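# Got a sequence here, can you build the structure:
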Amino acid sequence: MQQYELLSIVPTQFTDEEVGDIGKKISALVEKVGGKVVSTTNLGKIRMAYTIKKVRHGSYVLTYFDADGEVIAELDRQLRLTDEVLRHTILDRPADADPTTFELTSYVAPLTEEAKKTPHKKPRAEQTSKAAPAEIAPPTPSSTSTDELKMSMEELDQKLDQILEGDIAENI
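The predicted structure is shown next:
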């Protein structure tokens, strides 16, 4: 038997008790198609990055189970027919995978006041790599001064017109 994990999103119209019952219903579906449920965890409610069927918030339910590969298609079909599940995904779980803890955070749109208040984490590349690759170098400032770079709006419009006219003439 192969190990799998199933992440389901349940709309927040259901209470926490009802979400627990839906988690049991999902576990029953897994056992119905021939799988063996290892654990089911309610990860909590968060705001999603985009709406799904006019729903902005969802409760995430994570289920670990063992099953044969042939039953996954039937389980996927059954979950698509379940009204309580907005979205779901089924992933292979490596045999040597350690149980991990999850920290779910709500989606925060960039450039909002809430995003400005939250501390920024280091980019993923900086977290994983200890040294930056040698071929990537920061841009060097040019020798021109900022006074030379300043341009009036009229000069900018003229320059854009010249560029656009030149492109059109070259393409004809």
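# For the residue sitting nearest the centre point of the chain, give me the pLDDT.
Central residue of the chain (CA atoms, centre = their mean): Ala49, 7.7 Å from the mean position. For Ala49, the pLDDT comes out at 86.
# Can you name the residues that contact the residue lying closest to Ala95 once chain neighbours are set aside?
Of all residues beyond its chain neighbours, the one nearest Ala95 is Gln3 (6.2 Å), with distances taken as CB to CB, 6 or more residues apart in numbering. C-beta coordinates here come from the backbone N, C-alpha and C atoms, glycine included. Gln3 makes contact with Val38, Tyr64, Phe65, Asp66, Asp92, Arg93, Pro94, Ala95, Ala97, according to CB atoms under 8 Å, 6 or more residues apart in numbering.
# host element of Gln3?
strand 2-11 (DSSP states H and E).
# What strands flank that strand, and is each parallel or antiparallel?
strand 55-67 (antiparallel), strand 87-92 (antiparallel) (DSSP bridges).
# Make a markdown table out of these and add mean neighbour count, mean pLDDT and distance to Lys32.
Listed next are the strands paired with strand 2-11 as a markdown table, based on neighbours: other CB atoms under 10 Å; pLDDT from 0 to 100; distance: least, CB to CB, whole Å:
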| stretch | mean neighbour count | mean pLDDT | distance to Lys32 |
| --- | --- | --- | --- |
| strand 55-67 | 19 | 92 | 11 |
| strand 87-92 | 14 | 93 | 15 |
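# mind checking which of those is nearest Asp161?
strand 55-67 (45.7 Å; CB to CB).
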